[in-house]
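1. sequence unavailable; structure follows:
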């Protein structure tokens, strides 16, 4: 069984690098995108199991991208965790259709716990289920 795929979109390369290292160390396949205008194309190419999305980005904001994702039948149920330092970030993310919200700066353990809650079936569990059947 393949690892779960997580797409991360943020306009801060440092955050992309940290999240990629962290998530790969947890066993996820990670794809990053710094440009929000390319995100929907990348989602269609990589078919992630979950998206981590920054709310405030140049050109297209995270809520604009999220609304476009939710309007696409293929991805209307894709779990999306929005990341933002904005005081209003949680309500903006919720109105745009986010599955969850994590304030910046974020605690890595809390973020991993939220991801595990949305992607509960690890390869280990899938493998054990295959062995039972």
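-> On my side now, so go ahead. It should be emphasised that the depicted structure is a prediction, and the values quoted were computed from it without experimental measurement. Numbering: from 1, shown residues only.

2. now residue 45. Its backbone dihedrals?
-> phi -80, psi -50 (degrees, to the nearest 10).

3. ignore what I typed, I meant residue 7.
-> phi -100, psi 130.

4. what sits closest to it if chain neighbours are left out?
-> Among residues not flanking residue 7 along the chain, residue 48 sits closest, at 3.9 Å (C-beta to C-beta, 6 or more residues apart in numbering). The way it works is simple: take the backbone N, C-alpha and C, and place the C-beta from them, glycine included.

5. name all residues that make contact with residue 37.
-> For residue 37, the contacting residues are 59, 60, by C-beta atoms under 8 Å, 6 or more residues apart in numbering.

6. and the helices in this protein?
-> 13-25, 39-46, 62-70, 89-96, 108-118, 123-132 (DSSP state H).

7. now render those helices as CSV, adding distance to residue 32.
-> Below are the helices of the chain laid out as CSV (distance: least, C-beta to C-beta, whole Å):
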stretch, distance to residue 32
helix 13-25, 4
helix 39-46, 9
helix 62-70, 15
helix 89-96, 20
helix 108-118, 15
helix 123-132, 21
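
8. just to revisit the earlier point, contacts only, for the residue nearest to residue 7.
-> Going by C-beta under 8 Å, 6+ apart, the list of residues near residue 48 reads 5, 6, 7, 31, 78.

9. which of these has the most neighbours?
-> residue 6 (26 neighbours; other C-beta atoms under 10 Å).

10. tell me which helix or strand of this protein sits lowest on mean pLDDT?
-> helix 123-132 (a mean of 44; mean pLDDT, DSSP states H and E).

11. where in this protein is pLDDT low?
-> Within the chain, the stretches with pLDDT under 70 are 1, 121-133.

12. recalculate using a threshold of 80.
-> The model of the chain has pLDDT under 80 over residues 1-2, 120-133.

13. that's all I had, so thanks and see you.
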